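Trainee: Predicted model, plus sequence, below.
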Amino acid sequence: MKVLFAVAVSTVMAGSLFSAEALKPVSVADFTGYTKSAKNIENGIRFTGTRFLSYKSVKSIPIDLKKKYRISCEYRMAPGSKSAAHLYFAPISYDKKGQEISATGQYCIKGTETVLAAPAKKGDKVVKIKNGAKWFVQWGAIAFNAKSDFSDLPNNDFIYISSIKKNGDVWEVSLKNPLAKDYPAGTSVREQRAGASYRYIFYAKPQSEWTKSTQVIQGEKNETAPGYANAWRLGTVKAGIVFFTNGSPIDIEIRNISIVEEK
């Protein structure tokens, strides 16, 4: 009976220890990307090359926005190498459809809210808005069916713009791609803009010694909210890991990668 009781207690304890969500990729097989240039090391991978290299975790974990998650890794320049590359490391936010969540869908430009001054038809590459005085072109996008209280965010009903000019009492906004559907006159719109591909935990040039980087993330915030870098992007349901390089030659080791629910 004592043995059975001990086994039962052990099982319960094991369940409590491992019930927290965690993502811990440890080998080349746990990543997509240019894996031909990578090989396994203890609890991680080494990757080399002379071009941009990017890796994403194959798996993701569910995210509870009320809970805290610690994202960590260790990295260094591989022994004996002369790597000149910078390493970028970040979580990937996925929505309920499993799609990556971009910055543009929630990077709203306050004060640009207005409405369509004329109907916009599927296939159009120019739309007319009533007030574009605060709009700009660089990295800009027009978002449709916008709400003044930002309750529409993330708003992924957007198209990037290529130019804007005033013509009489309206502003004409040229689009980089044609409209995919119709929008009636009076449809509320705002300008949104592109931002960083991810919310980076760090980007740095690895040195010869191991460096540990860690950060706690909780809740969700849009791209303009204070402290947004310590929160998930709006609409996050699952999360994965991405890291990539900038510069060459590349010879970097990374290990002990994880997203772990904090208790």
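Mentor: Great, that's in hand.

Trainee: Low-confidence stretches in the protein?
Mentor: For the chain, the stretches with pLDDT under 70 are 1-20.

Trainee: tell me the SS of the residue most central in space within it?
Mentor: Geometric centre of the chain, nearest residue: Tyr198, 3.6 Å, by CA atoms, centre = their mean. At Tyr198 the chain is in coil, as set by DSSP: H, G, I helix; E, B strand; the rest coil.

Trainee: Please tell me how far Lys110 sits from Pro62.
Mentor: Noted for Lys110: a distance of 32 Å to Pro62, by CB to CB, to the nearest Å. Backbone N, C-alpha and C define where each C-beta goes, glycine included.

Trainee: now swap in Ile129 and tell me
Mentor: Using CB to CB, Ile129 is found at 40 Å from Pro62.

Trainee: ok, those two, which is more surrounded?
Mentor: Ile129 (23 against 10; other CB atoms under 10 Å).

Trainee: which residue ranges form the helices in the chain?
Mentor: Residue ranges of the helices in the chain, as given by DSSP state H, are 2-18.

Trainee: Could you export stretch 198-207 as CSV, CA atoms only?
Mentor: This file holds the C-alpha atoms of stretch 198-207, laid out as CSV (Å, rounded to 0.1, in the frame of the first residue of the first chain):
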residue,chain,number,x,y,z
TYR,A,198,8.8,40.9,-34.5
ARG,A,199,9.1,42.2,-30.9
TYR,A,200,12.8,41.4,-30.4
ILE,A,201,14.1,40.1,-27.1
PHE,A,202,17.5,41.2,-28.3
TYR,A,203,19.6,41.9,-31.3
ALA,A,204,23.4,41.8,-30.8
LYS,A,205,26.7,40.6,-32.2
PRO,A,206,27.6,37.4,-30.3
GLN,A,207,30.9,37.3,-28.5
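
Trainee: Use 607 as the first number for this chain going forward.
Mentor: I'll keep to 607 as the first residue from here, and by that count the last item is stretch 804-813.

Trainee: Report the contact partners of Asp763.
Mentor: Contact partners of Asp763, counting by CB atoms under 8 Å, 6 or more residues apart in numbering, are Ala749, Phe750, Asn751.

Trainee: tell me, how many neighbours does the last one end up with?
Mentor: The local packing count at Asn751 equals 12, with neighbours defined by other CB under 10 Å.

Trainee: And for the second one?
Mentor: Under the neighbour criterion other CB under 10 Å, Phe750 is assigned a count of 19.

Trainee: Isn't Leu785 up against Val732?
Mentor: No - counting by CB atoms under 8 Å, Leu785 sits too far from Val732 to count as a contact (9.7 Å).

Trainee: The contacts of Asp763 into CSV, with extra columns for distance to Val866?
Mentor: Conversion of those to CSV gives the following (distance: CB to CB, whole Å):
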residue, distance to Val866
Ala749, 35
Phe750, 39
Asn751, 38
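
Trainee: For Phe658, give me its contacts.
Mentor: By CB under 8 Å, 6+ apart, the contact list for Phe658 reads Phe850, Thr851, Asn852.

Trainee: For the closest residue to the residue nearest to the centre of the chain other than its chain neighbours, give its distance to Thr830.
Mentor: Residue nearest to Tyr804 in three dimensions, not counting chain neighbours: Ala696, with 3.6 Å by CB to CB, 6 or more residues apart in numbering. When distance is defined by CB to CB, Ala696 is 18 Å away from Thr830.
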